[in-house]
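**Q** quick one, what's the 3D model for this:
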Amino acid sequence: MLSFFALACGTAPAADSGVSPPQHLLLVSIDTLRVDHLEHAPTLQRLADEGLVLRAHRSCANWTAPAMICALTGQSGIDLGVDPRNAGALRTTWSLPEHAELLAEVLQAEGFATGLVTTNSLLARGNGLARGYDTLESRPAAVAEDALDATDALFVDAERRFVHVHLFDPHCPYAPPGSDDTLGSPYCMGEPSATSPSAETVAELAADYVTEVAYLDLQLGRALERWGAAGWLDDTLTVVMSDHGEQLGERAEIGHGLDVFAEETDALAIFAGVGGPDIEVPTQHQDLKPLILQHLGLLEGFEVRERPLLVASIDAESTVLALERESWLYRRGWDGSRALYDRATDPEQLVDRRDDEPELAAELEVAMEDEVARLLAIYPEWEPE
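**A** Below is the predicted model:
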């Protein structure tokens, strides 16, 4: 028997169950949420316990714009030839090509009423990510409670409905409502003072981050119960994801858009109320769009397959790429640095194993050359070492 909580969050059959697929979709995308912090998020933990979880899920990037390109188009920015870099004018002036088909566009063409409330303006600027939404409300950096309240208006009476809300919490400065703590502000702005924080500062910022996660989770739980009680989540597939994670002092840094290690690129992906076993095969944001369409009965034959996963941290001179194969992560920096890590035995990715596995390192270096070539097609002026 499903709990009241599960019923409030909507239920959906497994994609291959033979039961009619759900009519509606609710997508909750959460900014900067570390998947290893669900112990502070009982709402999200219960959604995971009662739904289908992508257990080895990765973002394709370490900041919002390229990560959401992957999630909403099913292709990476490198695939599309527009991968934005995390610095300078290109952070805001890139634009998706017309042939990039977004989830909202697909659903809109299928007759869904579509709406987005976003608290990160990167989803609402003229870059193409907002294509396909009938209704768009941008509330930059609004707190979760306000954003979720605004989302009520998207639950219109329609035969099929797609509601998408993107929540900015727990993005820095890690200050939930009522807090006057501005310790995290320099780390949002990339100020020179925000380098090599002391152990005391890291501990305080990490505690503030946990407070933000708990606040977000509380507000999401309240919203889901409100929407469920109103009947707005009946016959609805509810998907919750994070765009990327956050460094909290693991490598003497605070923030994201910094590197390609697990703390920044492991991501959350929950199909709430969906039956069937969790997906253990490594997945990436590019898998979310086809999985969603399949669960809505709009796509057949998609299977998650094990394949190398590319993660990119693109920032001109400090660009870093990572290629994951099984438990191995091969990291290549634009400065010529290389390293090979085994996530199975070294989850914090601290020990370079190239000397132990020279053949594997050489094989992944060759595979990485193809990815470097594709990136150079976008930024031909760059010269990797």
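**Q** dump the residue contacts of the nearest residue in space to residue 163 that is not next to it in sequence.
**A** Distances taken as CB to CB, 6 or more residues apart in numbering put residue 154 closest to residue 163, at 4.5 Å, once the chain neighbours are dropped. Backbone N, C-alpha and C define where each C-beta goes, glycine included. Residue 154 makes contacts with 115, 116, 117, 135, 161, 163, 165, as judged by CB atoms under 8 Å, 6 or more residues apart in numbering.
**Q** any idea which element the second one lies in?
**A** Put plainly, it is residue 116. strand 113-118 (DSSP states H and E).
**Q** and that strand, what does it pack against?
**A** helix 103-109, strand 135-138, helix 144-151, strand 161-167 (3 or more CB pairs under 8 Å, 6 or more residues apart in numbering; DSSP states H and E).
**Q** nearest to residue 221, of those?
**A** helix 144-151 (10.1 Å; CB to CB).
**Q** which positions in that closest one come out as buried?
**A** For helix 144-151, a neighbour-count test (16 or more other CB atoms under 10 Å) marks 144, 145, 147, 148, 151 as buried.
**Q** for the stretch 1-150 of the chain, give me the ranges with low pLDDT.
**A** Where the stretch 1-150 of the chain drops to pLDDT under 70, the residues are 1-18, 87-92.
**Q** swap the cut-off to 50 and go again
**A** The stretch 1-150 of the chain contains residues with pLDDT under 50 at 1-8, 10.
**Q** with distance to residue 306 added, can I get the helices and strands packed on strand 113-118 in a markdown table?
**A** Below are the helices and strands packed on strand 113-118 laid out as a markdown table (distance: least, CB to CB, whole Å):
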| stretch | distance to residue 306 |
| --- | --- |
| helix 103-109 | 24 |
| strand 135-138 | 37 |
| helix 144-151 | 35 |
| strand 161-167 | 29 |
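**Q** for these, which one sits closest to residue 361?
**A** Nearest of the helices and strands packed on strand 113-118 (CB to CB): helix 103-109, 36.8 Å.
**Q** from the contact counts, what lies against the closest one?
**A** helix 64-73, strand 113-118, strand 161-167, helix 288-295.
**Q** so which of the buried residues of helix 144-151 comes closest to residue 23?
**A** residue 151 (18.3 Å).
**Q** distance of the closest one from residue 226?
**A** Distance, residue 151 to residue 226, by CB to CB, to the nearest Å: 10 Å.
**Q** report the angle between the top helix by length along the chain and helix 144-151.
**A** As assigned by DSSP state H, the longest helix anywhere in the chain is helix 199-229. Orientation check (axes from the mean of the first three to the mean of the last three CA atoms, to 10 degrees): helix 199-229 against helix 144-151 gives 30 degrees.
**Q** against which helices or strands is helix 199-229 packed?
**A** Against helix 199-229 (3+ CB pairs under 8 Å, 6+ apart) you get helix 4-8, strand 24-30, helix 42-49, helix 144-151, strand 247-248.
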